[in-house]
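>>> have a look at this prediction, sequence included:
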Amino acid sequence: MELLINNIYSHTENEPIIVDMILTMAKHLNMKGIAEGIEIEQQLHYLVKNKCDYIQGFLMSKPLPYGELIDNYESIQNNSKHIISALNLYKFS
């Protein structure tokens, strides 16, 4: 799905339609949707608005070795929550 995410804002209408279909199909099959390659806020906004279950990409954090991830997990989580909250997409409890 990463290629589709990267092209959501291209000049064609196919990518958003395909992403929507994948997310809808996952929901109907009681599966979770996972989007990779989230690099810009517009992509994140689109996916949260369309109820994608999981996201990953450079917008949240660069790829990290396991030890560095563990050491910085709380900071990465807080940064991710801040990005999402700033877009008024989701309210964390």
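The structure has been received and is ready for your questions. Everything quoted here is computed from the prediction, not taken from an experiment.
>>> any regions of the protein where pLDDT drops low?
Within the chain, the segments meeting pLDDT under 70 span 1-12, 89-93.
>>> strands of that one, start to end?
For the chain, the strands defined by DSSP state E cover 34-35, 54-55.
>>> how much space between the residue most central in space within the chain and N88?
Nearest to the mean C-alpha position of the chain, by C-alpha atoms, centre = their mean, lies I55 at 3.0 Å. I55 sits at a distance of 17 Å from N88 (criterion: C-beta to C-beta, to the nearest Å). To be clear about C-beta, it is placed using only N, CA and C from the backbone, and glycine gets the same treatment.
>>> in this protein, what residue sits furthest out from the centroid?
Distance to the chain centre peaks in the chain at G67, reaching 23.3 Å (criterion: C-alpha atoms, centre = their mean).
>>> just checking, what's the longest helix in this protein?
For the chain, the helix that runs over the most residues, judged by DSSP state H, is helix 66-86.
>>> C-alpha coordinates for that one, CSV please?
Provided in CSV are the C-alpha atoms of helix 66-86 (Å, rounded to 0.1, in the frame of the first residue of the first chain):
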residue,chain,number,x,y,z
TYR,A,66,15.9,-2.1,18.3
GLY,A,67,17.9,-0.7,21.2
GLU,A,68,17.4,2.9,20.0
LEU,A,69,13.7,2.3,19.6
ILE,A,70,13.4,1.0,23.1
ASP,A,71,15.4,3.9,24.5
ASN,A,72,13.3,6.5,22.6
TYR,A,73,9.9,4.8,22.6
GLU,A,74,8.2,7.3,24.9
SER,A,75,9.5,10.3,23.0
ILE,A,76,8.5,8.8,19.6
GLN,A,77,5.0,8.1,21.0
ASN,A,78,4.6,11.6,22.4
ASN,A,79,5.8,13.1,19.1
SER,A,80,3.4,11.0,17.1
LYS,A,81,0.5,11.9,19.4
HIS,A,82,1.4,15.6,19.0
ILE,A,83,1.5,15.4,15.2
ILE,A,84,-2.0,13.7,15.1
SER,A,85,-3.5,16.0,17.7
ALA,A,86,-2.1,19.1,15.9
